[in-house]
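> Here is a sequence with its predicted model. Questions after.
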Amino acid sequence: MKNLIILFFSLLTISFFGQATTSNKFNFKVKFDKDIPVENIDVFYIEKSGNYFEHVNYCLNISENEIEVFGENNYVIEVSFPTIIFSLKEKKTYHNHMNIETETAEMQKLFFLVNYKGSFEKDFDKELKFSHNKPNIRIKYKNIQGRLVYDVESIEVNYTDSYFRSSASGNSMVKINISKNLSK
């Protein structure tokens, strides 16, 4: 009887405190304004506890000025997708106080994509578009009568939502490789 009670409480504990995990293949496209050339962008993600990529790559569609990110991720249910960072390489010129000499440095303009869901579902059909004025995108969702409804919001530079900031502030950033045979 004692063993039966221990077994019962063990199963009960697992069902209440266990975390459900799953994996999903994902594929989504991100568009950029014409003044943001995708060929000058590198793509990164921030590692997140409970959500990791089995594999991830991206390809460029230069004629449409978009990047397609695809792969497979494992995640704990209710843990958001790893934050994706698109880094635009630009040059910054510094002038000395008399404007006689100049110095050039590399600058990285960052565009953050935060998805509050664990992955991108197959029915995700919203446009994701970055601009210099709105370099951050946040994707939220609601379950309405068993159907996921997505809310995509472009966020200005000075946006200060604490969850958005914490989602984009890990301490390990991983570069995603470009898929050479799929670039268009």
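Right, received. Where do you want to start? Just so you know, these numbers come straight off a predicted model, no measurement behind them. Numbers count the residues shown, from 1 in each chain.

> So what touches the lengthiest strand in the chain?
For the chain, the strand reaching the highest residue count under DSSP state E is reported as strand 102-115. Outside strand 102-115, the residues within contact range by Cβ atoms under 8 Å, 6 or more residues apart in numbering are 30, 32, 80-81, 83-96, 128, 130, 132, 135-139, 164, 167-168. The C-beta positions use only the backbone N, C-alpha and C, and glycine is treated the same way.

> what's the pLDDT at I84?
pLDDT, I84: 92.

> likewise C59?
95.

> What sits closest to V30 if chain neighbours are left out?
Counting by Cβ to Cβ, 6 or more residues apart in numbering, L128 is the residue found nearest to V30 once chain neighbours are left out, at 4.7 Å.

> where's that neighbour relative to K29, distance?
Applying Cβ to Cβ, to the nearest Å, the value for L128 to K29 is 7 Å.

> Neighbour count: those two, which is higher?
A side-by-side neighbour count of L128 and K29, using other Cβ atoms under 10 Å, places L128 first with 21 against 16.

> what's the more buried one in contact with, if anything?
Going by Cβ under 8 Å, 6+ apart, the list of residues near L128 reads 28-31, 113, 137, 139, 152.

> Pull the most distant pair out of these.
Within those, K31 and I139 form the most distant pair, 14.5 Å apart (Cβ to Cβ).

> Tell me which of those two has more neighbours.
Neighbour comparison, K31 and I139: the larger count goes to I139, with 20 against 17 (by other Cβ under 10 Å).
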